[in-house]
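Visitor: Sequence unavailable; structure follows:
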């Protein structure tokens, strides 16, 4: 009987883990059905090959939840299998086997009811959601999506060397936004961090800049050295960014015209 109780306890804990994980995924923006499917897929280690999985692995918080689920799933499934085998062997050796079988079946029916009943799910989800939000440690913001860190855009660090083109200049002099690059922060070599720096702040050798923009442009900026070649590279980058902005404006105008045409037709 001890093995049967252990089996039911392990299954109950597995149900609780997947329910908590599904709610955590829902808090990050996944739909209810997607969150439930991805949580169960990660916990059991099967079926995690759908297109929705990309929305999970690209999200830092969802990725952490899924990694923890996979770890717990490997431990939980192994425990279930071992406990089930032990329970079956002991039941087969016992003369009064039917009460134990009835206990297992009854426990499975109760767990199935708890896992599928909408009333139970609604109230447990409310409790789990309250607990997760109360904890305050769940960062549900998808900064990858917010900053559109794909299609060539990235947030990266750039260490300033003495011969770099950007060394010794103020942000106002550098005019990096004209190249499509934004300076989100400056980590001074002395240890101070300057968030959302103003144009008057000067870039020193040894600083680390936190930059947002096209990956290729940031890489080129890291290779750019002081002198006329550096100034020429800045001018070329400015022209390229202006052309890119012009193309984006044209695309936006075409979309607006198409929208207007669709409204007229309707």
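Guide: Now that the structure is in, tell me what you want to look at. Fair warning: this is a prediction, and the values are worked out from it, not measured in the lab. Numbering: from 1, shown residues only.
Visitor: I'd like the distance between residue 153 and residue 238.
Guide: 18 Å (CB to CB, to the nearest Å). Yep, even glycine has a C-beta here, placed from its N, CA and C like the rest.
Visitor: Oops, could you answer that again for residue 161 instead?
Guide: Distance of residue 161 to residue 238, given as CB to CB: 22 Å.
Visitor: Those two: which is more packed in?
Guide: Between residue 161 and residue 238, residue 238 has the larger neighbour count (other CB atoms under 10 Å), namely 16 against 13.
Visitor: in this protein, which spans are strands?
Guide: 153-159, 182-187, 193-195, 208-214 (DSSP state E).
Visitor: which residues make contact with the third one from outside it?
Guide: Going back to what we said before, that points to strand 193-195. For strand 193-195, the external contacting residues (CB atoms under 8 Å, 6 or more residues apart in numbering) are 184-188, 201.
Visitor: Out of these, which end up buried?
Guide: 186-187 (16 or more other CB atoms under 10 Å).
Visitor: mind putting the contacts of strand 193-195 in TSV, distance to residue 224 included?
Guide: Converted to TSV, these look like this (distance: CB to CB, whole Å):
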residue	distance to residue 224
184	19
185	20
186	18
187	20
188	21
201	19
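Visitor: And the contacts of strand 193-195, which two are furthest apart?
Guide: The span of the contacts of strand 193-195, defined through CB to CB, is set by 184 and 188 at 14.6 Å.
Visitor: ok, so of the contacts of strand 193-195, who is nearest residue 66?
Guide: Out of these, the member with the shortest distance to residue 66 (by CB to CB) is residue 184, at 28.1 Å.
Visitor: ok, the closest one - contacts?
Guide: In this structure, residue 184 makes contact with 155, 195-196, 210-212, judged by CB under 8 Å, 6+ apart.
Visitor: what's the answer for residue 197, then?
Guide: By CB under 8 Å, 6+ apart, residue 197 lies in contact with 171, 183, 185-186.
Visitor: Point out where the stretch 151-266 of the chain drops to low pLDDT.
Guide: 266 (pLDDT under 70).
Visitor: follow-up on the earlier one: which of the strands of the chain sits closest to residue 229?
Guide: Residue 229 lies closest, by CB to CB, to one member of the strands of the chain: strand 153-159, at 18.2 Å.
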